[in-house]
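# only geometry, no sequence info:
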């Protein structure tokens, strides 16, 4: 009975209808709340249901969350679309198509879970092997020796993002003379001087500044995170020192313990790519007499172990190498004049399932084609009698 | 259900057909006719045809590419006037039709006529009442002269409205801003050759107190280095610049400003520089010493002056000078490789392919109605009226399709890219492909319903294309933005998705036909015909699924190469996914027995709403990365949704009625087994 239900056409139909309704509502909500926020509401693993909100008005219905609908659909596809289906020449096309859809859903899950996305801004002649993550903020603690940061410790974003609403967490740093405690994490916000504006919700003030929360940006990459922190010295005679960490701040927070200098900073996570990329030339061309973009091309050199390779990265033609893909994402500075030097911004993506949709497509197209052409031929062969016209 | 067709049903169907045709005629014909009286232009003389032919092929750079003046003029006129053909009369009552090129030529060479022509379409008289002008109807067209008294107030109002957020402006405010821009743009054309008409007045410096001499601007430009030297001398000594030089420079600057925009017809001599210049650009470049080829620039201006001066002389002389001017700039354009396909484009607009396609489709619609009303009468005769009508329909439809196809191919050649790159392209492509699909379906089913729908569909879609073109008034052959700059993807993804829209609309349309057929009892109880319809719709839905699924995944693969992710829940992507999901829902529901014949048709009609959302509505949302389709007219789409839903409602009612009748009939059978036959016959 259970198997019948989970493998049934009825469940398939209902799930597809739900997916359609969710897609439609997410499209409408996106225009108001931005993509990331809508995605998080409609399609995250930790939500089981949602209530849509259109044009600012809450629509009083409960819908299942997209993630779980897809998960259930995957089960239904495997049990009903593949396992339960009759295997034979009549159904081979549909079986292939179903299999490709299973593959596509799995590819989606892999992409969702394992994708890393960052940006790399390069001026002409500059080279880099570091990408800056689009969304994740980390806290970096380092000791400065001879002017260089050493002993760098990172607190990853996942250990920070749940520290809102009074929660705090102590991070042990055994090889440093202190631990650090973090609280009051804001997804988007920054320090405000209390002279300029007083705290409106009794927020803690440190050195004349408090953290003001701001609504999440529509483009989530523009969010700047912030949090309160305290240095918990091993030397119990020293009282814990509070300070503010903000992604928007320009300078790290510095303390001195016995002659040693330590810095604390909050910035987007850096990840290293296994080769260097150097920008030789970037060109942004526009259609003559207009501001419509015609082409954005970055000529880069890829340097790995001393060998160099020249690659052209442009819109619609990314560089794929060693599991990473480099895209021409944008450029700057904003409002540059015709002769100002430009820097190119490349997007760096690591996605294990990058090429899988292509294979899914070939399979699905082949399967559907076989299936429908078979039906068409049967139809044509059967309707040779003369019939009444309209 | 009775075996014979219902008479009432046929009358209703006939009425619907007549209403539909009237709506199409209204849309097509009334939109182009001027409202109210034909405007009078005193002393108007039409341009000689030969001269117009020369002017049409003058090359202009606009919108990012080079194009013939005919194309530029066409869209300018469409944007300001709302049609590509203007009717005026002279003081003797002779009526003339002005083409876009002639309209631009009037603005450039004969501004005294141009300002009387009713160029400006105003859709809401309140706009004009607000600036103190007397108005004609609620919607009418006004000449520059009629609007001039209110122009300053208009600009003032427009500046204040522009500061408001675009979403908060009501239609009157938006139209006020638009009108101000339109008048400004038109002024740039009117004043463009002003420098050649008035020249530069050199004030008399001889002290004798006579009137000054009028010099050509090109001559003044030749003296530019000398003037510069004099100016720097005055600057270094600190003496004030003498008045006659100041007046000279002021006139030159004014002339250059008037010709600064309007028309970019001067190709630069340096092939690496891809931006063409206007007369004003060249004048300022030479006067400020920045021109890279002052001799050529001065000659260019002199040629323009000669042409303008030749206007007052004989027609032949003017035409020759115009030809010289055109050939001079054309030659430079050709040597830079900028010439493109100017002659082909001129020919494309002259042939007006889509107008004729629409006419043929309309004729096909008429003969379809004839074909359907004859039905199967005398079908055993070789030349039964139905058969004749069907051949006539086929002829008209195929002709219309050929016209569409030629137009689309010519556009591809002119643009140098695959046929579909913006919203307008999709409309004409869907028109051609749905007519094509319908004819193929007719070949497979031979029931004359697909044959009949083909011209109806074609007519409706071409009407949509024409209305969109007027409303949007931008040149849809202009080059595409960077992300679309990929002929490979444009071919495989965009065409597949567009064909998917086409198939989806076709299945919805066929189902509407089925519901009308069955609901209005047009054919009695012809189960075999109904089954043929149903199987055709099913086949169309399968085709829609195939095309939409393949197209959507292809889109994802393209997005992965452009934007770094396969699926971004972008509205356009979501729209395509909705079509795929809906087709899947229909197929699986049918397999599971949840819907049968009626249900299939209801769902198929709803497919039109989903396609409408995906094809048009997502563009109004103004969000996401697919920004190349954005437009702003929202009401039509809601009317369309309502129309489709009303078909479904109609169908549900018909289904309920039929079910009721069946129950009554079987109840009757059960209750009186003996006399039942007579009773049933009496009912039928």
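Nice, I can see it. No experiment lies behind these values; they were computed from the predicted model shown.
# what count of nearby residues applies to residue B:328?
Using other CB atoms under 10 Å in any protein chain shown, residue B:328 has 16 other residues around it. Placement of C-beta: from N, CA and C, glycine included.
# so for the helix or strand hosting residue B:248, mean pLDDT?
Per DSSP states H and E, residue B:248 falls inside helix B:243-258. Averaged across helix B:243-258, pLDDT comes to 85.
# pull out the buried residues from that helix.
Residues of helix B:243-258 classed as buried under the neighbour-count rule (16 or more other CB atoms under 10 Å in any protein chain shown) are B:248, B:249, B:251, B:252, B:255, B:256, B:258.
# same check, this time on stretch A:146-153
For stretch A:146-153, by 16+ other CB under 10 Å, it's A:149, A:153.
# report the separation between residue B:316 and chain A.
34 Å (CB to the nearest CB, to the nearest Å).
# I meant residue B:504, not that one.
14 Å.
# please look at that residue and residue B:605 and confirm they touch.
No: between residue B:504 and residue B:605 there is no contact under CB atoms under 8 Å: 10.9 Å.
# close to chain B: what parts of the stretch 251-390 of chain A are there?
For the stretch 251-390 of chain A, the residues in contact with chain B (CB under 8 Å from any CB of the partner chain) are A:286-290, A:292-296, A:315-318, A:325, A:327, A:329, A:347, A:349, A:351, A:354, A:357-358, A:360-361, A:364-365, A:368-369, A:372, A:375-376, A:379-380, A:383, A:387-390.
# next SSE after the helix holding residue B:248?
Toward the C-terminus from helix B:243-258 - assigned by DSSP H and E - lies helix B:279-287.
# can you give me how far that next one is from the chain middle?
Centroid displacement of helix B:279-287 relative to its chain, using CA atoms, centre = their mean, to the nearest Å, is 35 Å.
# related to what we said a few turns ago, restrict the residues of the stretch 251-390 of chain A next to chain B to the buried ones and give me that as a PyMOL selection.
Under the burial definition 16+ other CB under 10 Å, those of those that qualify are selected in PyMOL by:
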select buried, chain A and resi 286+287+288+289+290+292+293+294+296+315+316+318+325+327+329+347+349+351+354+357+358+360+361+364+365+368+372+375+387+389+390
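# just the closest residue of chain B to chain A, please.
Residue nearest to chain A within chain B (CB to the nearest CB): residue B:64, separated by 2.8 Å.
# please list all residues in contact with that residue.
Residues counted as contacts of residue B:64 (CB atoms under 8 Å, 6 or more residues apart in numbering or on different chains) are A:286, A:287, A:288, A:289, A:290, A:292, A:294, B:478, B:479.
# quick one: the strands in chain B, in order.
In chain B, the strands defined using DSSP state E lie at B:39-40, B:59-62, B:65-68, B:86-89, B:95-98, B:120-122, B:140-142, B:200-202, B:213-215.
# got those as CSV, with distance to residue A:229 columns?
Formatted as CSV, these follow (distance: least, CB to CB, whole Å):
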stretch, distance to residue A:229
strand B:39-40, 76
strand B:59-62, 58
strand B:65-68, 57
strand B:86-89, 73
strand B:95-98, 75
strand B:120-122, 64
strand B:140-142, 68
strand B:200-202, 73
strand B:213-215, 77
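# a markdown table for those, including mean pLDDT and distance to residue B:223?
Listed next are the strands of chain B as a markdown table, based on pLDDT from 0 to 100; distance: least, CB to CB, whole Å:
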| stretch | mean pLDDT | distance to residue B:223 |
| --- | --- | --- |
| strand B:39-40 | 86 | 44 |
| strand B:59-62 | 92 | 29 |
| strand B:65-68 | 92 | 32 |
| strand B:86-89 | 89 | 42 |
| strand B:95-98 | 91 | 40 |
| strand B:120-122 | 88 | 40 |
| strand B:140-142 | 86 | 43 |
| strand B:200-202 | 80 | 11 |
| strand B:213-215 | 81 | 9 |
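# dump the ones you listed to CSV, plus distance to residue B:288 and mean neighbour count.
Compiled in CSV, the strands of chain B are given as follows (distance: least, CB to CB, whole Å; neighbours: other CB atoms under 10 Å in any protein chain shown):
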stretch, distance to residue B:288, mean neighbour count
strand B:39-40, 42, 17
strand B:59-62, 22, 23
strand B:65-68, 26, 24
strand B:86-89, 39, 20
strand B:95-98, 39, 14
strand B:120-122, 35, 21
strand B:140-142, 39, 21
strand B:200-202, 17, 17
strand B:213-215, 19, 12
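# buried residues in stretch A:133-148?
Quick answer for stretch A:133-148 (16+ other CB under 10 Å): A:133, A:134, A:136, A:137, A:138, A:139, A:140, A:141, A:142, A:143, A:144.
# what sits against the fourth one?
Yep, that's residue A:137 we're talking about. Applying CB under 8 Å, 6+ apart to residue A:137 gives the contacts A:157, A:160, A:225, A:247, A:266, A:267, A:268, A:269.
# just checking, what packs against the helix holding residue B:248?
Helix B:243-258 is packed against helix B:194-198, strand B:200-202, helix B:217-222, helix B:224-237, helix B:279-287, with contacts defined by 3 or more CB pairs under 8 Å, 6 or more residues apart in numbering or on different chains; DSSP states H and E.
# repeat the analysis, applying 10 Å as the threshold.
In this structure, helix B:243-258 makes packing contacts with helix B:171-190, helix B:194-198, strand B:200-202, helix B:217-222, helix B:224-237, helix B:279-287, judged by 3 or more CB pairs under 10 Å, 6 or more residues apart in numbering or on different chains; DSSP states H and E.
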